[in-house]
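J.: Sequence and predicted structure below; questions after.
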2 protein chains.
Amino acid sequence: MSQAPSNAHRLLWESPVLPRRGPKPTLTLTAITDAGVALADEEGLAAVTMQRIAAAVGVTKMALYRYLPGKVELVALMTEAAMGDAPGLDTVAGGWRPKLHEWARLLFAGFVRHPWLADTTVGARPIGPHELGWTEQAVAALLGTGLRAAETLDVVATLASHAKAMAQHAAAAGDDTAEEDLTGAMGALIDGREDRFPALAATLDALAREGGQDDALDFGLTRILDGVELLITARTP
Amino acid sequence: MSQAPSNAHRLLWESPVLPRRGPKPTLTLTAITDAGVALADEEGLAAVTMQRIAAAVGVTKMALYRYLPGKVELVALMTEAAMGDAPGLDTVAGGWRPKLHEWARLLFAGFVRHPWLADTTVGARPIGPHELGWTEQAVAALLGTGLRAAETLDVVATLASHAKAMAQHAAAAGDDTAEEDLTGAMGALIDGREDRFPALAATLDALAREGGQDDALDFGLTRILDGVELLITARTP
DNA sequence: TAATAACTGTGTCCGTCGGATACAGTGTAC
DNA sequence: GTACACTGTATCCGACGGACACAGTTATTA
């Protein structure tokens, strides 16, 4: 049943066995990983190449392969490092809802701090203890609410994907050379085409008049949690 | 105010001006784009290289650059083609909620049909008429509900990102060589570590007992729309 | 009709990427 | 002291996106 652990799995879950003979390694996995995280933070995931990382830590490109089987494993380790230890939610008072709200906000903050995490935490991938720990915390907050197991996992997935998407949204607005954000870009596109996109034109027009700020993260979180609360209260007699 | 349209913008929004002299082009932008979409559908976005597309349409790699400035524009055109014309929601009866629910389901279906769309419809990017049309339809469904403009756009963004994330989730479970899905992978990781992840262990255990199927898309959509409905009814006196 | 200008597809070349392999130096265990 | 395990390096490969020069083709113009 339990299949042979892949290289990535071993790197993520087991502590490295240090060699007993030969020259002392000049590097550590942690140093390499940290260099990768720093590089990705500053210049994006595309800038993370073996060359750049090797230069950052002061060795040749091929030296890195003494520590890592390949780039896939490097990205997995970077992801684990950037996720960080899952936050404890025991200090958050008030039951499942404020706990989950805070959890999603912290997750969002992590995705904003490391925008490339949104690209590496998607699809089939090796999962590390940190990432699993985040899920554990959210699931723990929902224990005893009466939700079914599948529903619990769905709620966590919905919240996580919302936090991720809003962080990507925020990152997209910030890193562009043009100072226009997405709504600004849409406005420019619609300008002169109000007949094709009447509802959008009217909405963007109203948006400009309304003013005020828009916290898309909290807005969506509140809607989702409202919906979850509705389900939970319907379940509890 | 309106800045000079980029190459991608011109390709997406303006009809191609055909040359008056010289040999007849053997290709069309549409043929190239369709080949790219087909290739991405079958082998993923990473398989979409200039070489492969050129081979598919029967020319040399460099011939493609007579039609496209570069790969960025190709991906933008592929995205537009794969998104397709936005569905009209007028036939959906019952007000904003069933309209939006159907809209999200159709968007989800598109993301499932073309899993790589999730990667190309993120971040700062040139937006084409099809993509804008999808947004238009969702915004139109929310007109007259009493929501503010910013709230309307937030609701649409929340629904869209949920549909996208669930499609990514579904795609990840399908394309892997291992027959294990994400919950199966989590179960294997937790096995023997129940003390570190007690809530997850209990939930996965309960999940196995509960049986039944899990429609994560509709579950999340229902929660979100419940939350939106709560807000709308609170707004209308 | 002939020349010109515009446009097409091709071949060659470049730098960068991830990675395989062979090799020389280094330190521990026997 | 010697053998072995281990390190970092240098070289090489195929594939990638793309720049550039070139030859062939076609509509316009003289």
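T.: It's in.

J.: need the residues of chain A near DNA strand C, please.
T.: Neighbours of DNA strand C within chain A, by Cβ under 7 Å from any atom of the strand: A:20-24, A:48-52, A:61-62, A:65, A:70-72. (Each C-beta comes from the backbone N, C-alpha and C, glycine too.)

J.: In helices, which of those fall?
T.: A:50-52, A:71-72 (DSSP state H).

J.: just the buried members of those?
T.: The neighbour-count criterion (16 or more other Cβ atoms under 10 Å in any protein chain shown) marks residue A:50 among those as buried.

J.: how would you label residue A:131: helix, strand or coil?
T.: Look at residue A:131: counting by DSSP: H, G, I helix; E, B strand; the rest coil, its state is helix.

J.: contacting residues for it?
T.: Going by Cβ atoms under 8 Å, 6 or more residues apart in numbering or on different chains, residue A:131 touches A:79-80, A:83, A:121.

J.: That one and DNA strand D: what is the separation?
T.: 27 Å (Cβ to the nearest atom of the strand, to the nearest Å).

J.: which of the residues in stretch A:11-21 are buried?
T.: For stretch A:11-21, by 16+ other Cβ under 10 Å, it's A:11-13.

J.: How about stretch A:83-92?
T.: A:83, A:86-87, A:89, A:92.

J.: Using JSON lines, lay out these together with secondary structure.
T.: Shown next, in JSON lines, are those (three-state DSSP):
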{"residue": "A:83", "secondary structure": "helix"}
{"residue": "A:86", "secondary structure": "coil"}
{"residue": "A:87", "secondary structure": "coil"}
{"residue": "A:89", "secondary structure": "coil"}
{"residue": "A:92", "secondary structure": "coil"}
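
J.: Can you tell me which of those residues lies closest to residue B:201?
T.: Nearest to residue B:201 among the buried residues of stretch A:83-92, counting by Cβ to Cβ, is residue A:86 at 15.2 Å.

J.: Could you name the specific helix or strand carrying residue A:155?
T.: Taking DSSP states H and E as the criterion, the element that holds residue A:155 is helix A:149-175.

J.: wait, does that helix make contact with chain B?
T.: Yes. Judged by Cβ under 8 Å from any Cβ of the partner chain, helix A:149-175 and chain B are in contact via A:149-155, A:157-158, A:161-162, A:164-166, A:168-169, A:171-173, A:175.

J.: coming back round to it: out of the buried residues of stretch A:11-21, name the ones that lie in helices.
T.: In this view, the buried residues of stretch A:11-21 that belong to helices under DSSP H are A:11-13.

J.: Quick check, residue A:231 in contact with residue A:148.
T.: No. Applying Cβ atoms under 8 Å as the test, residue A:231 and residue A:148 come out as separate, 10.1 Å apart.

J.: which one is residue A:96 nearest to, not counting chain neighbours?
T.: residue A:141 (4.9 Å; Cβ to Cβ, 6 or more residues apart in numbering or on different chains).

J.: Distance of that neighbour relative to residue A:12?
T.: 25 Å (Cβ to Cβ, to the nearest Å).

J.: just to revisit the earlier point, return the closest of the buried residues of stretch A:11-21 with respect to residue A:224.
T.: residue A:12 (29.8 Å).

J.: Quick one: residues contacting that closest one.
T.: Counting by Cβ under 8 Å, 6+ apart, residue A:12 makes contact with A:76-77, A:80, A:126-129.

J.: Per-residue pLDDT of it, please?
T.: Residue A:12 carries a pLDDT score of 95 in this model.

J.: Would you mind measuring from it to residue A:70?
T.: 14 Å.

J.: close enough to count as contact, residue A:82 and residue A:110?
T.: Yes. Counting by Cβ under 8 Å, residue A:82 does reach residue A:110; the two are 7.1 Å apart.

J.: ok, back up a step: same drill for residue A:231 and residue A:148, tell me which one is more crowded.
T.: Set side by side, residue A:231 and residue A:148 show more neighbours around residue A:231, with 18 against 15, by other Cβ atoms under 10 Å in any protein chain shown.

J.: Quick one: residues contacting that one.
T.: Contact analysis of residue A:231 by Cβ under 8 Å, 6+ apart lists A:147, A:151, B:223, B:226.

J.: element containing the third one, please.
T.: Taking DSSP H and E as the criterion, residue B:223 maps to helix B:216-235.

J.: tell me the angle that helix makes with helix A:149-175.
T.: 70 degrees (axes from the mean of the first three to the mean of the last three Cα atoms, to 10 degrees).

J.: Show the average pLDDT along helix B:216-235.
T.: For helix B:216-235, the mean per-residue pLDDT is 97.

J.: do the same with stretch A:173-182
T.: Mean pLDDT, stretch A:173-182: 61.

J.: Closest residue of chain A to DNA strand D?
T.: Closest contact between chain A and DNA strand D, by Cβ to the nearest atom of the strand, is at residue A:22 (2.7 Å).

J.: Settle this for me: residue A:69 is touching residue A:9, isn't it.
T.: No. Counting by Cβ under 8 Å, residue A:69 stays clear of residue A:9, with 11.4 Å between them.

J.: more neighbours, the two?
T.: More neighbours surround residue A:9 than the other of residue A:69 and residue A:9, with 18 against 13 (other Cβ under 10 Å).

J.: Which strand or helix spans that one?
T.: Applying DSSP H and E as the criterion places residue A:9 in helix A:7-13.

J.: and stretch A:37-57, how far out from the chain's middle?
T.: Stretch A:37-57 sits 18 Å away from the centroid of its parent chain (Cα atoms, centre = their mean, to the nearest Å).

J.: With stretch A:56-71 instead?
T.: Chain-centre distance of stretch A:56-71: 25 Å, with Cα atoms, centre = their mean.

J.: mind listing what's buried in that stretch?
T.: Buried positions in stretch A:56-71, judged by neighbour count with 16+ other Cβ under 10 Å: A:57, A:59, A:63-64, A:67-68.

J.: Just confirm yes or no for it near chain B.
T.: No. Applying Cβ under 8 Å from any Cβ, one finds stretch A:56-71 separated from chain B by no less than 13.1 Å.

J.: list the contacts for the closest residue to residue A:72 other than its chain neighbours?
T.: Spatial nearest neighbour of residue A:72, excluding adjacent residues (Cβ to Cβ, 6+ apart): residue A:8 at 6.5 Å. Residues in contact with residue A:8 (Cβ under 8 Å, 6+ apart) are A:69, A:72-73, A:76, A:126.

J.: Roughly how far does residue A:8 sit from chain B?
T.: Distance, residue A:8 to chain B, by Cβ to the nearest Cβ, to the nearest Å: 12 Å.

J.: so where's chain A uncertain?
T.: Across chain A, residues meeting the criterion (pLDDT under 70) sit at A:1-5, A:174-180.

J.: DNA strand D contacts on chain A?
T.: Proximity of chain A to DNA strand D, by Cβ under 7 Å from any atom of the strand, involves residues A:19-27, A:59-63, A:66-67.
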